[in-house]
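J.: Give me a 3D structure for the following:
(chains A and B)
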Amino acid sequence: TQLLEQSPQFLSIQEGENLTVYCNSSSVFSSLQWYRQEPGEGPVLLVTVVTGGEVKKLKRLTFQFGDARKDSSLHITAAQPGDTGLYLCAGEHFFYTGANSKLTFGKGITLSVRP
Amino acid sequence: ETGVTQTPRHLVMGMTNKKSLKCEQHLGHNAMYWYKQSAKKPLELMFVYNFKEQTENNSVPSRFSPECPNSSHLFLHLHTLQPEDSALYLCASSQHPGLGNTGELFFGEGSRLTVL
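T.: Below you'll find the predicted structure:
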């Protein structure tokens, strides 16, 4: 079983602050996805990173895939109350045999941004 | 609106009841999934269907019985559940991941199940 450890588990910050959260594993992934889940909703994909060292930006969110493709970070600049939610990372193992790719999810990071 | 609709949103059932969860996707995807989300645990994959065929059963107890009549509809039939089965059950769909594709999942809003 490939485990994805997300940290910190809980984070409560003031509007306007910056933050970085992490997703770590001992396994190498073919790609890694970040989802955000708001209360009462299902997870929604934010980004997929594929190449080691890749950096992707989505407005105030910056995602980085580690060089070895084992870990990822999410940095949020000037957090807003609308950023509140559960942030899930999911690592994908892709099989060239044509079988289903496997997505392994972390437990998630609960972020609360206070106005 | 993600294009994946789940009903009911909330369900309370006794351990001897039989109920079903329904999922419908309007995205033209050919893979559908059931996930279980419990507090303080990672999302657990339960079942995967590709082109209506079950391709994954992740050691799920037989009291959970999936059904996929076509590529757009997925059911989860529930019977003689236990209180520890209380959780949020999420349905998702995706395009069948071929070579070079990444499996982006589109989730429904979930069905919150409480077993008394």
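
J.: what about stretch A:3-14, how long is it end to end?
T.: Taking C-alpha to C-alpha, to the nearest Å, the span from the opening residue of stretch A:3-14 to its closing residue is 31 Å.

J.: Please enumerate residues in contact with that stretch?
T.: A:19, A:21-27, A:79, A:87-91, A:104-114, B:42 (C-beta atoms under 8 Å, 6 or more residues apart in numbering or on different chains). Bear in mind the C-beta positions are built from the backbone N, C-alpha and C, glycine included.

J.: Apply 6 Å and report the result again.
T.: By C-beta atoms under 6 Å, 6 or more residues apart in numbering or on different chains, the list of residues contacting stretch A:3-14 from outside reads A:19, A:22-25, A:79, A:89, A:91, A:104, A:106-107, A:109-114.

J.: mean confidence for that stretch?
T.: Mean pLDDT, taken over the full extent of stretch A:3-14, equals 95.

J.: helices or strands up against the least confident helix or strand in chain A by mean pLDDT?
T.: In chain A, no helix or strand scores lower on mean pLDDT, DSSP states H and E than strand A:102-105, which sits at a mean of 85. The criterion is 3 or more C-beta pairs under 6 Å, 6 or more residues apart in numbering or on different chains; DSSP states H and E, and the helices and strands that strand A:102-105 contacts are strand A:85-93.

J.: List the contacts of whatever residue of chain A ends up closest to chain B.
T.: Using C-beta to the nearest C-beta, the closest approach of chain A to chain B is made by residue A:42 at 3.2 Å. By C-beta under 6 Å, 6+ apart, residue A:42 lies in contact with B:90, B:107, B:108, B:109, B:110.

J.: Which members of these additionally contact chain A?
T.: Applying C-beta under 6 Å from any C-beta of the partner chain, the subset of the contacts of residue A:42 adjacent to chain A comprises B:90, B:107, B:108, B:109, B:110.

J.: Cross-check the contact I'm expecting between residue A:75 and residue A:19.
T.: No: between residue A:75 and residue A:19 no contact is recorded; they are 7.2 Å apart, counting by C-beta atoms under 6 Å.

J.: Residue 90: neighbouring residues, count only.
T.: In the absence of a named chain, chain A is used. A count of neighbours around residue A:90, defined by other C-beta atoms under 10 Å in any protein chain shown, yields 24.

J.: nope, chain B please
T.: Around residue B:90 sit 25 other residues, with neighbours defined as other C-beta under 10 Å.
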